[in-house]
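Q: kindly generate the corresponding structure for this input.
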Amino acid sequence: MKFILYILLFYFALKFLSKLFAPALFKYAVKKAGQRFNGGFNQQKAEPTTKEGEISIDKMPNNKSSNKNVGEYVDYEEIE
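A: Numbering: from 1, shown residues only. Have a look, this model is predicted:
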């Protein structure tokens, strides 16, 4: 019987504390998300450091070797 009482007490305490602290946690999460969004946007707006006509490679392309020997193409016709 005590075990069930402890579970109920824990459940109601957790429910009460979540109602108490949830608004503050949501405000904090929204504030951090806004900072990340604005930080990424400001980095993209930065002036490029390369001069006009210069080429810069930011990412090397993936060298995916395709298997050219996949088989022979067979043309077919439907028979009715």
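
Q: how about low-confidence regions in the protein?
A: Within the chain, the segments meeting pLDDT under 70 span 40-50, 61, 63-68, 70.

Q: what are the ranges of the helices in it?
A: 2-44 (DSSP state H).

Q: so who does residue 55 touch?
A: Contact partners of residue 55, counting by CB atoms under 8 Å, 6 or more residues apart in numbering, are absent. Bear in mind the C-beta positions are built from the backbone N, C-alpha and C, glycine included.

Q: and it, how far is that from residue 62?
A: 20 Å (CB to CB, to the nearest Å).

Q: equivalent analysis for residue 78, please.
A: Taking CB to CB, one finds residue 78 at 39 Å from residue 62.

Q: before we move on, what about residue 79?
A: When residue 79 is compared with residue 62 (using CB to CB), they lie 43 Å apart.

Q: and for residue 73?
A: 27 Å.

Q: check residue 51 too.
A: Taken as CB to CB, the span from residue 51 to residue 62 is 29 Å.

Q: do residue 18 as well
A: 46 Å.

Q: so between those two, which is more surrounded?
A: Neighbour count, other CB atoms under 10 Å: between residue 18 and residue 62, residue 18 has more, with 10 against 5.

Q: separation between the more buried one and residue 34?
A: Distance of residue 18 to residue 34, given as CB to CB: 23 Å.

Q: residue 8 too?
A: Counting by CB to CB - residue 8 and residue 34 are separated by 39 Å.

Q: over to residue 3?
A: Taking CB to CB, one finds residue 3 at 44 Å from residue 34.
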